[in-house]
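Trainee: the amino acid sequence is not available; the structure is as follows:
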């Protein structure tokens, strides 16, 4: 069946999962404010939030299975949206699970923090669906406003305050770029719907209109800020370092997934018609991001900063798929983000579990000899790091994520061979820092004065185990998920030969 | 105001308000005193309202003055004054007797203008275009209907999402604004 988005009731039906999450979040916000804040209340609201996320996941799957389509309008209904919704909700579920226990240790008692995660997730789900510049902007803002607050949740820490303020200021700055870009594109074409922008571009041959070009450039800058691509990455290490570990994981995993979902949507559905104009720019951002991120990550001594640079590097890999511009590449992005979200959740859960109470510094040196005191924590961390690296078998899903990405890049019409070689070479550099942590955990002795590591709570343990098992299992059985990956993509708008005849070969 | 029947009149006012608006925006970001900056921002809002009027968007123009220049800026100024950020000596950009006299003269001129405008009547003979524009304003719905149509039909989703955004911002402000010791004291 096809929903007609001009009819409000059918628009609501097409947004059912998003509305479930938003409505539930509003009710939970009331429940959170009902009683004075305390640790038990915080845990209770956390449980409620987890139940709501699971309910929303069910609603996403039910809506996806109904296989409905929509008329051209502000939102899309396709496999990519549903897969990204699941990736985002998985990230939110893991984050809430870890943070109920982590907050108790850090002395954070706001029950509203879980509700803010839910609001952020609803903004992200809107981003996964949005096909209208205004809706995209609102989705980004709902997500960002909630995450600005989450970053500064730990009021006792000066570092958290610094990170949150930096994130807020730079985020607001990036929003300025984004909004100005959208305004200029609207000014040039008179449309905010992605498909209608393309129609206007073709009808009035506006591809080389300076207003449109500047608008596209500003949009690229704004989104590069949100996904933390070099040279717009400076905020990421400071913010991840200051934020509580589960929230840093949420930022690294879900915020990035949602930002890439909308990045892909805008670029595929609108700008792909003028491929030659931006292909080189995006390819160079990808290359610089991969090289700089990897090289700087090598010299980090704090694990959160290292993971921040690692997340920057993964943005570089994903930008390659943006350049590739095929339906296969968008499916590869969805698969990559699923693997990346699982590994990031796990890695930040370990970081949170390893962190001594009340301290935000997380030196890599404290991981030495982890195998001798908490062997399962060490094994889990090794799996997540190998998944980041894309190591075969032990890295499970991470290997296939890179495999899909590279094959999509090489099979794309642009034949991105050179950039694929750079992906592989920079992955080799990344082995330098991922493997050195594994070496520290398994092959170095535990220092005599190393602090005691408290036992992880049951929910954290569940997240660690589920993330590790899913990564390895889906890595062993890729045959089961390949068809799903193929259905998670969406086809880009075809390149319009009348608009431009510049061949793209980065 | 239709730009086809008085092109010079139209472009003169466009550039007039455009330039005043840009100059005020520059002054807004360069003033040291928060109160003076806020007042320059009010000026920017007034210029924007004038530009809206010239685009035949009377309702948006009025809302611009009421909401931005009126409500939001007053709240700004309240916060500034409650926080005591401005020192009386730095509050005003205009100093000295000359400045006071000029400000008083502008105030009197504005008052006189109001008095004249309240007595003004439409000329009996309107140009056909002006008459048509006036008739459109007089229709049921008038100039508001097209805005309502865009807001509640075409961009309904964006409108509703804005409320979620505001709710998120309020919840976030409450979380961050709560006293740090409040929870520990219990």
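Mentor: That came in fine, so what should we check first? As the structure is a prediction and not an experimental result, all values here were calculated from the model.
Trainee: and the residue of the stretch 1-150 of chain A found nearest chain B, what does it touch?
Mentor: Per Cβ to the nearest Cβ, the residue of the stretch 1-150 of chain A with the smallest distance to chain B is residue A:149, at 3.5 Å. Yep, even glycine has a C-beta here, placed from its N, CA and C like the rest. Listed by Cβ atoms under 8 Å, 6 or more residues apart in numbering or on different chains, the contact partners of residue A:149 are A:116, A:164, B:171-173, B:175-176.
Trainee: okay, and which of those residues map to helices?
Mentor: Among the contacts of residue A:149, the members found in helices (DSSP state H) are A:116, A:164, B:171-173, B:175-176.
Trainee: now the residues you listed as CSV including distance to residue A:465, neighbour count and pLDDT?
Mentor: What follows is the ones in helices among the contacts of residue A:149, written out as CSV (distance: Cβ to Cβ, whole Å; neighbours: other Cβ atoms under 10 Å in any protein chain shown; pLDDT from 0 to 100):
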residue, distance to residue A:465, neighbour count, pLDDT
A:116, 27, 26, 95
A:164, 31, 25, 91
B:171, 32, 24, 92
B:172, 32, 23, 92
B:173, 37, 12, 90
B:175, 31, 23, 88
B:176, 34, 15, 87
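Trainee: farthest pair in these?
Mentor: A:164 and B:171 (15.7 Å; Cβ to Cβ).
Trainee: tell me which element residue B:14 is part of?
Mentor: Assigning secondary structure by DSSP states H and E places residue B:14 in helix B:7-30.
Trainee: hmm, I was thinking of residue A:380
Mentor: Element membership of residue A:380 [criterion: DSSP H and E] is helix A:375-389.
Trainee: report the distance from that helix to the chain centre.
Mentor: Averaged C-alpha coordinates place helix A:375-389 at 20 Å from its chain's average position (Cα atoms, centre = their mean, to the nearest Å).
Trainee: tell me which residues of that helix are tucked away?
Mentor: Of the residues in helix A:375-389, those buried under the neighbour-count criterion (16 or more other Cβ atoms under 10 Å in any protein chain shown) are A:377-378, A:380-389.
Trainee: packing partners for whichever helix or strand comes after that helix?
Mentor: Under the assignment DSSP H and E, the closest C-terminal helix or strand after helix A:375-389 is helix A:397-411. Applying 3 or more Cβ pairs under 8 Å, 6 or more residues apart in numbering or on different chains; DSSP states H and E, we find helix A:397-411 packed against helix A:303-324, helix A:327-354, helix A:375-389, helix A:417-443, helix A:458-476.
Trainee: out of the ones you listed, which gets nearest to chain B?
Mentor: Of all the helices and strands packed on helix A:397-411, helix A:327-354 sits nearest to chain B, with 19.8 Å by Cβ to the nearest Cβ.
Trainee: let me see the domain layout of chain B.
Mentor: Domain ranges of chain B: B:1-93, B:139-179, per automatic domain parsing.
Trainee: out of those, which is closest to chain A?
Mentor: With Cβ to the nearest Cβ as the criterion, chain A lies closest to domain B:139-179 of the domains of chain B, at 3.5 Å.
Trainee: how about the closest one and chain A, any contact?
Mentor: Yes. Against chain A, domain B:139-179 shows contacts by Cβ under 8 Å from any Cβ of the partner chain at B:153, B:155-158, B:161-162, B:164-165, B:167-169, B:171-176, B:178.
Trainee: of those, buried ones?
Mentor: Buried members of these, scored by 16+ other Cβ under 10 Å, are B:155-158, B:161, B:164-165, B:167-169, B:171-172, B:175.
Trainee: quick revisit: on contacts alone, who are the packing partners of the helix holding residue A:380?
Mentor: Based on contacts counted as 3+ Cβ pairs under 8 Å, 6+ apart, the elements that helix A:375-389 packs against are helix A:327-354, helix A:370-373, helix A:397-411, helix A:417-443, helix A:458-476.
Trainee: of these, flag the one that's most buried.
Mentor: Taking mean count of other Cβ atoms under 10 Å in any protein chain shown as the contact definition, the stretch among the helices and strands packed on helix A:375-389 with the greatest mean neighbour count is helix A:327-354, which reaches a mean of 27.
Trainee: quick one: work out the angle between that one and helix A:417-443.
Mentor: Helix A:327-354 and helix A:417-443 are oriented at 20 degrees to each other (axes from the mean of the first three to the mean of the last three Cα atoms, to 10 degrees).
Trainee: same list (the helices and strands packed on helix A:397-411) but as TSV, adding distance to residue A:72 and mean pLDDT.
Mentor: Written out in TSV, the entries for the helices and strands packed on helix A:397-411 read as follows (distance: least, Cβ to Cβ, whole Å; pLDDT from 0 to 100):
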stretch	distance to residue A:72	mean pLDDT
helix A:303-324	23	93
helix A:327-354	18	91
helix A:375-389	38	93
helix A:417-443	33	92
helix A:458-476	35	90
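Trainee: who wins for proximity to residue A:60 among those?
Mentor: Closest approach to residue A:60 among the helices and strands packed on helix A:397-411 (Cβ to Cβ): helix A:327-354, 13.4 Å.
Trainee: in contact with residue A:117, which residues?
Mentor: Contacts for residue A:117 were tallied using Cβ under 8 Å, 6+ apart; they are A:49, A:92, A:95-96, A:99, A:146, A:150, A:250.
Trainee: and for residue A:21?
Mentor: Residues near residue A:21 by Cβ under 8 Å, 6+ apart: A:52-53, A:56, A:118, A:121-122, A:125.
Trainee: now intersect those with the helices, please.
Mentor: In helices, judged by DSSP H, the following of these are found: A:52-53, A:56, A:118, A:121-122, A:125.
Trainee: from the residues you listed, list the ones also adjacent to chain B.
Mentor: Taking Cβ under 8 Å from any Cβ as the test, chain B is in contact with residue A:122 out of the ones in helices among the contacts of residue A:21.
Trainee: quick one: the ones in helices among the contacts of residue A:21 as JSON lines, columns for neighbour count and pLDDT too.
Mentor: Putting the ones in helices among the contacts of residue A:21 into JSON lines (neighbours: other Cβ atoms under 10 Å in any protein chain shown; pLDDT from 0 to 100) gives the following:
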{"residue": "A:52", "neighbour count": "25", "pLDDT": "96"}
{"residue": "A:53", "neighbour count": "28", "pLDDT": "97"}
{"residue": "A:56", "neighbour count": "29", "pLDDT": "96"}
{"residue": "A:118", "neighbour count": "28", "pLDDT": "96"}
{"residue": "A:121", "neighbour count": "32", "pLDDT": "97"}
{"residue": "A:122", "neighbour count": "30", "pLDDT": "96"}
{"residue": "A:125", "neighbour count": "30", "pLDDT": "96"}
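Trainee: and which of the ones in helices among the contacts of residue A:21 is nearest residue A:309?
Mentor: Residue A:309 lies nearest to residue A:121 out of these, by Cβ to Cβ, at 25.2 Å.
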